[in-house]
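Novice: Requesting a structural model of the entry that follows:
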Amino acid sequence: MSQVQVARLPVWLSPDSPPDAFPRVESALKEPNGLLAVGGDLSPQRLLAAYRRGIFPWYSDDQPILWWSPEPRAVLFPAGIHVSRSLRKTLRQGRFSITVNDAFAAVVEECAAPRLAQPGTWITPAMQAAYLRLHDLGWACSVECRRGTALVGGLYGVAIGAVFFGESMFSRERDASKVALVHLSQMGFELIDCQMPTQHLSRLGAVNISRREFLERLKRAVDRASPMQPSTSAGARR
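Specialist: The predicted structure is shown next:
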């Protein structure tokens with residue numbers, strides 16, 4: 001008698017389950033790559049518990065909340081960011097100015113806007129509200145790129161210790177989001193989590209590392225001093 005292969009399913013989380021009730025990330029599915037759990041909620045406590053374990057939410061409006069920890073993991077080491085000749089020229093020209101945490105809600109809204117090759121968005125209204133709450137608590141941060149007073153690019157993510165967990169970026173002008181990323185790489189973080197590998201991120205210097213290495217680096221870095229609003233983050237921990 002041949003063996004019947006039973007598909008393994010991700011763990012279901014109740015909204016009432018403890019915020020840290022995630023399974024071990026090593027149990028994440030191989031297909032789809034990294035799917036670990038389904039359900040739960042987007043409370044600040046659960047989101048912070050997830051990030052500290054190398055887990056992040058990613059889902060669309062017609063799905064329940066999906067939690068991921070892929071293998072391999074795309075990361076950017078700040079010292080390894082690739083600044084192309086054209087980007088270096090843009091930086092020298094000084095066309096853009098940079099602000100930090102000056103327009104967080106606007107950056108998230110721009111990142112959530114439909115794009116030409118991507119009419120939908122995974123940054124659902126619930127996700128936007130969740131990260132606005134994290135921003136109010138001092139954990140979610142943005143870097144804005146401006147031409148004059150106009151917001152033309154930027155990125156946002158979650159800063160825990162010396163790790164910046166990147167969520168999304170946008171550009172209204174050429175190189176605007178790249179300039180924001182270069183600024184982020186110079187702020188003193190040890191590691192920038194890019195989550196899933198893409199060709200765009202690879203061209204900027206992102207590399208793939210194993211989940212195990214990522215978790216080892218994460219464990220060492222999340223309890224170190226944060227270079228982005230450390231006093232606010234410290235207050236949010238209490």
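Novice: got the end-to-end distance for stretch 75-88?
Specialist: 22 Å (Cα to Cα, to the nearest Å).
Novice: buried sites along that stretch?
Specialist: By neighbour count on 16 or more other Cβ atoms under 10 Å, the buried set for stretch 75-88 is 75-78, 81, 83, 87. For the C-beta atoms, the positions are set from N, CA and C on the backbone; glycine is no exception.
Novice: Number of residues surrounding Gly153?
Specialist: Close neighbours of Gly153, defined as other Cβ atoms under 10 Å, add up to 26.
Novice: hey, what's it bridged with?
Specialist: As for beta bridges, Gly153 partners with Cys145, Ser171 under DSSP bridges.
Novice: In this structure it contacts Glu173, no?
Specialist: Yes: here Gly153 reaches Glu173: they are 6.5 Å apart, a contact under Cβ atoms under 8 Å.
Novice: pretty sure Val152 contacts Ser177?
Specialist: No: look at Val152 against Ser177 with Cβ under 8 Å: they stay out of range, at 9.1 Å.
Novice: Give me the below-cutoff pLDDT ranges for this protein.
Specialist: Counting by pLDDT under 70, the chain shows low-confidence ranges at 1-8, 115-120, 229-238.
Novice: can you give me the helices for it?
Specialist: Counting by DSSP state H, residue ranges of the helices within the chain are 44-52, 85-93, 104-112, 125-136, 176-185, 199-203, 211-221, 230-237.
Novice: Can I get those in a markdown table including distance to Leu35?
Specialist: Listed next are the helices of the chain as a markdown table, based on distance: least, Cβ to Cβ, whole Å:
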| stretch | distance to Leu35 |
| --- | --- |
| helix 44-52 | 13 |
| helix 85-93 | 34 |
| helix 104-112 | 22 |
| helix 125-136 | 17 |
| helix 176-185 | 27 |
| helix 199-203 | 21 |
| helix 211-221 | 13 |
| helix 230-237 | 29 |
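Novice: Point out the most buried one among those.
Specialist: helix 176-185 (a mean of 24; mean count of other Cβ atoms under 10 Å).
Novice: Residues contacting that one, please?
Specialist: 76, 78, 81, 83, 87, 90-91, 96, 98, 143-145, 147, 152-155, 164, 169-171, 192, 204 (Cβ atoms under 8 Å, 6 or more residues apart in numbering).
Novice: With just CA atoms, put it into PDB.
Specialist: The C-alpha coordinates for helix 176-185 follow below in PDB (Å, rounded to 0.1, in the frame of the first residue of the first chain):
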ATOM      1  CA  ALA A 176      13.700  59.100  -4.600                       C
ATOM      2  CA  SER A 177      13.100  55.900  -2.600                       C
ATOM      3  CA  LYS A 178      16.800  54.900  -3.200                       C
ATOM      4  CA  VAL A 179      17.900  58.200  -1.700                       C
ATOM      5  CA  ALA A 180      15.700  57.400   1.400                       C
ATOM      6  CA  LEU A 181      17.200  53.900   1.600                       C
ATOM      7  CA  VAL A 182      20.800  55.300   1.400                       C
ATOM      8  CA  HIS A 183      19.900  57.700   4.300                       C
ATOM      9  CA  LEU A 184      18.500  54.800   6.300                       C
ATOM     10  CA  SER A 185      21.600  52.700   5.800                       C
END
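Novice: Please compute how far it lies from its chain's middle.
Specialist: Taking the mean of its C-alpha atoms, helix 176-185 sits 14 Å from the chain's own mean (Cα atoms, centre = their mean, to the nearest Å).
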